[in-house]
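Engineer: Predicted model follows, preceded by the sequence.
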Amino acid sequence: MMEAAVRVRDGNGSDFSLEKYLVEMTELAAAQKEARYNREMSGKKKALKEVAKSEAVTEEDMKEEVAMKARFEAWMREYGRRYKNEEEKARRYELFNAFAKMVDKANNAQSGAAKFVTNHTADWTEEECRMSV
């Protein structure tokens with residue numbers, strides 16, 4: 001036995017099926033929810049791709065890092081540097097790395113006979129440099 005559909009009159013005096021209306025509204029709400037979810041996920045996926053791209057370490061980056069660490073070790077031998085622990089060595093390496101990149105950039109930018117080098121101050125902080133003057 002089928003139950004009769006509930007029919008309602010709208011403000012214009014027309015009949016419509018309440019059941020059909022509720023089904024349509026439920027489907028519309030589900031479609032809107034899905035669209036909102038897809039927009040949010042699309043934004044998150046895009047953000048994740050940007051983060052991955054910015055943090056991606058290329059093979060070239062790895063080769064440059066290996067070369068810079070070898071350069072640091074050679075520089076340490078040349079200037080007799082020894083550090084009290086690995087933490088200090090890592091901190092001094094970062095200072096050396098920044099200084100060496102600045103030296104390389106300066107050498108590449110100028111066309112004169114002058115040559116910039118990583119000297120005995122290459123692992124110094126700015127404060128240590130100021131104190132030596």
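Structural biologist: All right, it came through fine. Residues are numbered from 1 along each chain as shown.
Engineer: now the longest helix seen in the chain: mean pLDDT?
Structural biologist: Criterion DSSP state H: the longest helix present in the chain is helix 18-55. Predicted confidence along helix 18-55 averages 78 (mean pLDDT).
Engineer: That helix packs against which elements?
Structural biologist: In terms of contacts (3 or more Cβ pairs under 8 Å, 6 or more residues apart in numbering; DSSP states H and E), helix 18-55 is not packed against any helix or strand. For glycine as for every other residue, the C-beta is placed from the backbone atoms N, C-alpha and C.
Engineer: So for stretch 71-88, what gets flagged as buried?
Structural biologist: Under the neighbour-count criterion of 16 or more other Cβ atoms under 10 Å, stretch 71-88 has 72, 75-76, 81 buried.
Engineer: Quick one: neighbours of residue 97, just the number.
Structural biologist: When neighbours are defined as other Cβ atoms under 10 Å, residue 97 has 17 of them.
Engineer: ignore the last one, residue 107
Structural biologist: The burial metric for residue 107, expressed as a neighbour count using other Cβ under 10 Å, is 12.
Engineer: just residue 96 next, same as before
Structural biologist: When counting by other Cβ under 10 Å, one arrives at 22 neighbours for residue 96.
Engineer: buried ones in the helix or strand containing it?
Structural biologist: When secondary structure is defined using DSSP states H and E, the element that contains residue 96 is helix 86-109. Within helix 86-109, the residues that qualify as buried by neighbour count (16+ other Cβ under 10 Å) are 89, 92-93, 95-97, 99-100, 103.
Engineer: Please give me every residue in contact with residue 117.
Structural biologist: Residues in contact with residue 117, defined by Cβ atoms under 8 Å, 6 or more residues apart in numbering, are residue 103.
Engineer: how close does the residue nearest the centre of the chain sit to residue 44?
Structural biologist: A centroid search over the chain (Cα atoms, centre = their mean) returns residue 51, at 3.9 Å, as the residue closest to the centre. For residue 51, the distance to residue 44 (Cβ to Cβ, to the nearest Å) stands at 10 Å.
Engineer: Please apply the same query to residue 27.
Structural biologist: Applying Cβ to Cβ to residue 27 and residue 44 gives a distance of 26 Å.
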